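Peer 1: 3D model of this:
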Amino acid sequence: MEPGNFYGIGLGPGDPELLTLQAIHTIQKVDCIFVPKSDTKEDSLALEIVKDYVRGKRVTEQVYPMTKDKSILNTAWLKAAEEVHAEVAKGCDVAYLTLGDPMTFSTYIYLLRHLSAMLPEHVIHTIPGITSYNAAACMANYPLLTGDEQLAVVPVPKDITELRPILEAFDTVILMKVAKKLDEVIQLLEEMKLSGNALFASYIGQKDAYLTCDVVSLKGSGRGYMSVLIVKQVRH
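Peer 2: Predicted structure coming up:
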């Protein structure tokens, strides 16, 4: 039997209006859909975003543990890949939905590694999604790059001082996974006289979306979860 096709689909930051046409058309034509879900949440945010396009379709929620234990995570990713492979091997066209862009800080990448060892390359397709930082910059009319400027996208490290040379070297720095480090990052930006050139955004594309360029006011706010900070260097 000929295998079906597998589509990894980026859903963007959370607003259904930011789904691409290719994402919608593919979701509508596949036989079944897999969506990731945290073991600490009752509902899948990915499924909520596409609820208008999946009615009547077979949907499977795959539960992923909220842990940093690589052994436990790898077991979960392998199990998820085996479930997807079983459907594709039967000739079904399958979609796997993921927030943001599939190739940018996404658990989809780990699933893809396992699937690449199970399925022919020509049946695997990845559809891009809008990243949270692209959406945030557009919502705030905050230019990311012009001319020959350079950009870095980095997760906030445990040791905040590691950010200093990155902030000095690049014209624009996008800080992901800010979470509990928000106050420390703001402190560093103040020390480097960059706090006035930053954009903070959280829950972009969702009902609780919040944006501000007054990042100093965020000290002690606890708003770091599901957030991104964009910082521009001022060149003279």
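
Peer 1: count of neighbours near Asp148?
Peer 2: 6 (other CB atoms under 10 Å). All C-beta spots, glycine's among them, are computed from the backbone N, C-alpha and C.

Peer 1: Against Leu78, how distant is Ala117?
Peer 2: Taking CB to CB, to the nearest Å as the measure, Ala117 falls 10 Å from Leu78.

Peer 1: Please enumerate the shared neighbours of the two.
Peer 2: Both Ala117 and Leu78 lack any common contact, where contact means CB atoms under 8 Å, 6 or more residues apart in numbering.

Peer 1: which of those two has more neighbours?
Peer 2: Higher neighbour count among Ala117 and Leu78: Leu78, with 15 against 8, using other CB under 10 Å.

Peer 1: which one is that one nearest to, not counting chain neighbours?
Peer 2: For Leu78, ignoring the flanking residues on the chain, the nearest one in space by CB to CB, 6 or more residues apart in numbering is His114 at 5.5 Å.

Peer 1: Just to check, that neighbour is in contact with Thr75?
Peer 2: No: using CB atoms under 8 Å, His114 makes no contact with Thr75, being 10.9 Å away.

Peer 1: returning to that earlier point: could you check the distance from the residue nearest to Leu78 over to Glu149?
Peer 2: Separation of His114 from Glu149 (CB to CB): 37 Å.

Peer 1: So between those two, which is more surrounded?
Peer 2: Remark: of His114 and Glu149, His114 carries more neighbours, 18 against 14, as counted by other CB under 10 Å.

Peer 1: and the more buried one, backbone torsions?
Peer 2: Backbone torsions of His114, given as degrees, to the nearest 10, read phi -70, psi -40.

Peer 1: contacting residues for it?
Peer 2: The contact partners of His114, by CB under 8 Å, 6+ apart, come to Trp77, Leu78, Ala80, Ala81, Glu82.

Peer 1: tell me the pLDDT at it?
Peer 2: Looking at His114, its pLDDT stands at 96.

Peer 1: how close does it get to Thr104?
Peer 2: His114 is 19 Å from Thr104, where distance means CB to CB.

Peer 1: And for Ala137?
Peer 2: Distance, Ala137 to Thr104, by CB to CB: 14 Å.

Peer 1: Next: Ile174.
Peer 2: Here the criterion is CB to CB. By it, Ile174 lies 10 Å from Thr104.

Peer 1: if I pick the closest residue to Pro13 other than its chain neighbours, what's in contact with it?
Peer 2: Using CB to CB, 6+ apart and skipping the chain neighbours, the partner closest in space to Pro13 is Gly205 (3.4 Å). Gly205 makes contacts with Gly12, Pro13, Gly14, Asp15, Leu18, Ser132, Ala135, as judged by CB under 8 Å, 6+ apart.

Peer 1: 7 Å instead, please
Peer 2: If a contact means CB atoms under 7 Å, 6 or more residues apart in numbering, then Gly205 has Gly12, Pro13, Gly14, Asp15, Leu18, Ala135 as its contacts.
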